[in-house]
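> Fold the following for me, if possible:
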Amino acid sequence: MKKVVILIFCIFILQACQKTQKNEDIVTDAEKEGFTENIESVPMTTDLPPIPFVSMSSSAFHSVIGWLSNDEIAFILVEQGEWTVQVYSVPADSWRKIYTTEQPIIQASIHPTKDKILLHTSRNSSTAEVQLIHINGQLLDSLTFESDELYMDWHPQNSSLIVFTTFYEDWTYNTFIYDGTTQNLESIEVEDPFVKWYDEEHLMVFRWAESNLDGGELILYSLKEKTLKETGITNVIDAHTNGNSLLVVQVSEETNEFQYSLSNEVTDESIDWTSAAISNYSEWVVPYMDFIDQDKLIGIKSLKPGNLDETTSSGTISSVTFDGKQEYGEIESQPLLCAPNGEVCLGGYQMENWIQLSPLIIQPWINVLN
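Sure, this is the predicted structure:
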């Protein structure tokens, strides 16, 4: 089974006199984290917008869903026993509620086209309900699965296509293809439960070696023919597609490196790069990255190879396009959700860090009160 585990150069902008002491506290906390400045390759930007700061109780905050636009961020919040999807406007420092449900929301994701939000809700541990809503809050469809755990992968260009895998108590599973245009749910049989979209007619299937450290082979499953096709790509530990571009991550144990390849089959452009390989003894730990559009991603590149508990957890955050790579500086390894324009990312396991890329500034922006 595939498991991908999932600096500061302090320039703080005073937003108002009453926030001066709060910002001083944040500077102190950030310095303790040991972030390091490294922004020589990035031109300085002037007239930077102020960094937001929101505060809420732990009973209200559940999670950050992600960016709806360059200025709006969607949250899951709990209000008076109801679960809500609320949107925070960064420039206006204001909130608007777009959806409410009585069912607890387990997790949520925004489609790359920013037109729909998928909510995974559940009333009990053996049932999962998926609610699909428009970004204006309109409920578009709902699906119910008998399942202890639920995996999903959204087609990156067509928000009507979703693949689901439902897991049961004995870790058996079923995989389904959902087409929202016809509201058809079709069961398929694949050897890997964690399949991903390749295009509208194929899924990427990973045929893993006996040891996870050996990676696997990338196979394409035809939805129409119900057949498998070998790609010849081996030693794969991860792969993503975002429209016409395909990112493949392979491992070389000889050089102890992750080897990345980003290619666009339409424009015939490609770029390759490497980073230090990190493992947790039993499997590889792929650095965090986030696609901004079809031809650009932002990620954290590990600095030194080794085992996760024996090496530094810091890396270099950078962007990659077919024109090349741009490094912004050194940062602690953490999950990322980046704005569509690629200027700001949210980081951390609760997306509590505001990461401005040029110049690199990392500052906590969510304060959850106990």
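> pLDDT below threshold where in this structure?
In the prediction, the chain carries residues with pLDDT under 70 at positions 1-47, 311-312.
> Which parts of it are helices?
Using DSSP state H, the helices assigned to the chain run over residues 20-33.
> Tell me how many other residues surround the nearest residue to Tyr221 once chain neighbours are set aside.
Of all residues not flanking Tyr221 in the chain, Leu203 sits nearest, at 4.5 Å (Cβ to Cβ, 6 or more residues apart in numbering). (C-beta placed from N, C-alpha, C; glycine too.) Applying other Cβ atoms under 10 Å, we find 23 other residues in the vicinity of Leu203.
> surely Leu203 meets Val190?
Yes: using Cβ atoms under 8 Å, Leu203 and Val190 qualify as a contacting pair, with a distance of 7.1 Å.
> which residues do those two both contact?
Both Leu203 and Val190 are contacted by Tyr221, under the criterion Cβ atoms under 8 Å, 6 or more residues apart in numbering.
> Contact partners for Asp93?
So Asp93 contacts Pro52 (Cβ under 8 Å, 6+ apart).
> Over to the one 10 residues further on?
With Cβ under 8 Å, 6+ apart as the criterion, the residues that contact Gln103 are 83, 121-123, 129.
> Next, it: phi, psi?
Gln103 has phi and psi values of phi -80, psi 140 when expressed as degrees, to the nearest 10.
> separation between Ile355 and Trp67?
According to Cβ to Cβ, to the nearest Å, Ile355 and Trp67 sit 13 Å apart.
> Distance of the nearest residue to Ile355 once chain neighbours are set aside relative to Ala339?
Nearest residue to Ile355, sequence neighbours excluded (Cβ to Cβ, 6+ apart): Cys345, at 4.3 Å. In this view, Cys345 and Ala339 are 7 Å apart by Cβ to Cβ.
> Could you check which of those two is surrounded by more residues?
Neighbour comparison, Cys345 and Ala339: the larger count goes to Cys345, with 27 against 22 (by other Cβ under 10 Å).
> outside of stretch 180-193, which residues touch it?
By Cβ under 8 Å, 6+ apart, the list of residues contacting stretch 180-193 reads 1-2, 132, 140-141, 143, 151, 159-162, 165, 167, 173-179, 203, 205-208, 221, 223, 226.
> sorry, that was for stretch 245-262
Where contact means Cβ under 8 Å, 6+ apart, the residues beyond stretch 245-262 that reach it are 198, 213, 215, 218, 233-241, 263-265, 270-277, 284, 286-287, 291, 294-295, 297, 302, 305, 320, 322.
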